[in-house]
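Asker: Mind folding the following:
(chains A and B, ligands or ions: 2)
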Amino acid sequence: MKSLIHEFQLKAIKIMSKKIFILYILLVATLVGQAQVKKNFTLIMRTTGYIVLYNGDTATTFGFATKLSQNPPIPGPLIEVNEGDSVFVLAKNISQGPPHTIHWHGLDVDQANDGTPATSFELKHTEEATYKFKATHAGTYIYHCHMGDVVHVQMGMYGLVVVHAANAAKTAWTGGPAYDTEYAWLNSEIDKKWHDSVPETMHDSTQTGHESFMIPKYNPTYFLVNGKSKQQIKSDSLTYIKSEENKTVYLRLGNIGNMQNRIIFPKKLNAKIIDSDGRPLPAAFSSDTVWVSPGERYGVLLQSAAIFSDSIAVDYINMNTHKSIATEWIPVTITKTNSIAEINIYNNVLQIFPNPAKDNFYIQFSEQKNVKYNLSVYNSAGILCSSTQKIQNGNSIDCHHLSQGLYYINVLGTDGSRYVGKIMLD
Amino acid sequence: MNKKYIYIVLLLFSFRIHAATVQKQIHINKGYFAALDTTYFYYLSYNSDSLFSQQSMLITVMQNDSLVLEIYNHDTVDHHFFIAGMISQNITSNSSATVRLKFAQTGINLFYDDIQFPKNMYLGLSGTIAVLEQGRDTKNFYWNLRDHQKQWNIQEGNTINLSQYDPDYFTINGQSFPMVQKDSLVKIMGKVGDTILLYMVNSGLSAHSIHFHGYHSRIVSTTSKTMRKNWEKDTYPLESMETTILELTPDKPGIFPVHDHNLVAISGGGRYPNGMLIMMEIK
Ligand SMILES: [Cu+2]
Ligand SMILES: [Cu+2]
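Answerer: Ligands and ions are numbered 1, 2, ... in the order given. Purely as a prediction, here's the structure:
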């Protein structure tokens, strides 16, 4: 491919005028170098959501949704981009409530896009605007509303920003350690008293949001990993870690609660801490225990030669008494390396047929939703080989240009849903 | 004489002229802490004179300087002047003592009263001694983080029940947002390309997690149990009694908040916003 372009360029130099040649070079640079990748997202700010808690109880929430008909999920839709991408997030306040903002926690964006009320823009009910920033460093970040943040964050206005390595390589950062599968946990707490007693002013769109207000004492009774606790976690494929012997899991940890998290891994997982707050550590280190304080993020590699099932403990530590007041147990299962067709390591079921395939294949999702999906095909080295935008359930995917071998399919919906599968190409 | 020796003599001489003896007074005063919601509670403080101030005391010296401290105790009970691994000096009530210290290492030292630990420290008896590097052009800021639960301070002699600690006031150098912004040691100001050093100590009883908008900083040193030296981060946890020094070189101008990400600590007496929050200004 490269030499072909080179030959063509040499011919072009002879034939074309200098000006046209420069234009041509610019075009090639854009197509081949993928220098300017733009990623667009939409987040709708809502104040009329709810969360179903593990015991069947519900709490009213604020949050971010991708469409009006959606109950804002907690955490909010995953913002997933690659290092070097220019990111555009259209934020719409359709909340009948107070102004909101989005703070890009850890992304070091400029003041105008920082999401701090008063020093950057804020969105009143019915207003919309686009946050713009560049994802300069691969890593794990958080987004959250910064308007009356102690309340708006508690109410659920937060989510994760995952910046993958450049060109979506399956490495922790560009040129960093490789992994096979990745998980991201965003931890938080819920004090239902706060949700029940949100002052009326919080639902009043005439409020400026700059009024000072009183908060109750904070005594959370629900402890969340990705918005779930207890038995809810066991059926959450985004949280439950499933891997295979000798395969590497990259676990991203973030804390948007008001308590410290102490995460204790089974020794057999050989946990290695490799990055924090979107930067590689000067020296990675092995530790079965990771502390994650409010606002911090960590990247951990997990790998085991053993086949076993166990749990990872997430302790919630009171910042004042230093006592662990709750523990959530996240199941982890390491299985024998499976045959290709059965692979459904994480996320939702993606049906791929025929498998093995030759010139094209069909995809089918487990859920029927009116959502557009972006499909990415990675080879076994984790290199992005092709991507198709805006596909729908049942679409046929052309793969005749791909060489023989094993490929990983990653499908991301505009609503934040994610599907993963493997395919063998003949 | 050999040239090499001349250089050594010159080098020794240069050290001698730079290493000074610094004399300071410290007064142990009792008074009342005033929160912004007009709440008052009993407080003890190390001050530079005999007038009570809730402002936390900072002494700066250069590396290898000698420090002579005259410490006056104006309280009716004994107090200590204590620096871990360095000095423990009793000062009996209504009397004074002199201590001499020499600081070979740059960094930040927390001094406090370790009597009935952590009670007297919690009541306000903590301060910092920063030891600065000779000839380094940096902009320095100093934060002493504290937290308070009003009900423990209503009167003298209250006992602290750490197992039920639930603070409602959060201060930096004895003040909270927005008043604390008047403290030029606290409000971070600088310009693009400056080398900004932030010396933080946590003499409160709670853990704090300080988050910077806008910039990552390098951790120059920390006493944290996780060795985070040279990590580049945007959020810095400090357990009680820990110190952390950050180096920030801003790459863009802007006004950005720096705050505790335990968001409850951005309140005072239950009112938001207050507590551990400042707006940093980079030109
Ligand atoms: Cu909000
Ligand atoms: Cu934040």
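
Asker: who touches the residue nearest the centre of chain A in this structure?
Answerer: Residue closest to the average C-alpha location in chain A (CA atoms, centre = their mean): A:L78, at 3.8 Å. A:L78 is in contact with A:159-160, A:162, A:184, A:416, A:418, counting by CB atoms under 8 Å, 6 or more residues apart in numbering or on different chains. Quick note: C-beta positions are derived from backbone N, CA and C, even for glycine.

Asker: hmm, try it at 10 Å
Answerer: A:41, A:159-162, A:184, A:186, A:226, A:238, A:412, A:416-418 (CB atoms under 10 Å, 6 or more residues apart in numbering or on different chains).

Asker: Show me those that map onto strands.
Answerer: A:41, A:159-162, A:184, A:186, A:412, A:418 (DSSP state E).

Asker: right, and the helix or strand after the top strand by length along chain B?
Answerer: The longest strand of chain B (DSSP E) is strand B:21-34. Downstream of strand B:21-34, the first helix or strand assigned by DSSP states H and E is strand B:40-47.

Asker: List the buried residues in that following strand.
Answerer: B:41-47 (16 or more other CB atoms under 10 Å in any protein chain shown).

Asker: Next, work out how far apart the residue of the stretch 201-350 of chain A found nearest ligand 1 and chain B are.
Answerer: Using CB to the ion, the single residue of the stretch 201-350 of chain A nearest to ligand 1 is A:G209, 7.8 Å away. Distance of A:G209 to chain B, given as CB to the nearest CB, to the nearest Å: 11 Å.

Asker: what's the answer for A:V151, then?
Answerer: With CB to the nearest CB as the criterion, A:V151 and chain B are 8 Å apart.

Asker: ok, now A:V292?
Answerer: From A:V292 to chain B the distance is 9 Å (CB to the nearest CB).

Asker: Hmm, A:L251 and that residue touching each other?
Answerer: No - applying CB atoms under 10 Å, one finds A:V292 not in contact with A:L251, separated by 11.3 Å.

Asker: Could you tell me which residues touch both of the two?
Answerer: Common neighbours of A:V292 and A:L251, counting by CB under 10 Å, 6+ apart, are A:185, A:263, A:298.

Asker: what's the closest of those to chain B?
Answerer: Using CB to the nearest CB, A:Y298 comes nearest to chain B of these, at 10.3 Å.

Asker: check contacts around that closest one.
Answerer: A:140, A:251-255, A:261, A:263, A:273-277, A:281, A:290-292.

Asker: who are the neighbours in contact with residue 214?
Answerer: Just going to use chain A. Residues in contact with A:M214 (CB under 10 Å, 6+ apart) are A:199, B:267, B:269-272.

Asker: oops, chain B please
Answerer: A:107-111, A:114, A:116, B:234, B:248, B:250-258, B:280, B:282.

Asker: filter the residues you listed to the buried ones?
Answerer: A:107-109, A:111, A:114, A:116, B:234, B:248, B:250, B:254-258, B:280, B:282.

Asker: Just the helices from chain B, written as ranges.
Answerer: Assigned by DSSP state H, the helices in chain B fall at B:3-18, B:119-122.

Asker: How about residue 84, nearest residue that isn't a chain neighbour?
Answerer: If you meant another chain, say so; for now it's chain A. A:A166 (5.2 Å; CB to CB, 6 or more residues apart in numbering or on different chains).

Asker: hmm, I had chain B in mind actually
Answerer: B:L110 (7.6 Å).

Asker: ok, the one you found - contacts?
Answerer: Shown in contact with B:L110 (CB under 10 Å, 6+ apart): B:82-84, B:121, B:126-129, B:144, B:201-203, B:223, B:241-243.

Asker: Which single residue of chain B ends up nearest ligand 1?
Answerer: Counting by CB to the ion, chain B gets nearest ligand 1 through B:L263, at 12.5 Å.

Asker: what about that residue, how many residues close to it?
Answerer: B:L263: 29 surrounding residues under other CB atoms under 10 Å in any protein chain shown.

Asker: ok, now A:V87?
Answerer: A:V87, neighbours per other CB under 10 Å, totals 24.

Asker: Pretty sure it sits in a strand.
Answerer: Yes - under DSSP: H, G, I helix; E, B strand; the rest coil, A:V87 falls within a strand.

Asker: gap between it and A:V109?
Answerer: Plainly put, A:V87 is 9 Å away from A:V109 if you go by CB to CB, to the nearest Å.

Asker: Now the common contact residues for the two.
Answerer: A:131-135.

Asker: Only the buried subset of those residues, as a PyMOL command please.
Answerer: Remark: buried members of the shared contacts of A:V87 and A:V109, expressed as a PyMOL selection using 16+ other CB under 10 Å:
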select buried, chain A and resi 131+133+135
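
Asker: What's the mean pLDDT across stretch A:232-252?
Answerer: What stretch A:232-252 shows for mean pLDDT is 96.

Asker: do stretch A:419-426 as well
Answerer: 83.

Asker: out of the ones in strands among the contacts of A:L78, which touch ligand 1?
Answerer: Near ligand 1, judged by CB under 5 Å from the ion, there are no entries from the ones in strands among the contacts of A:L78.
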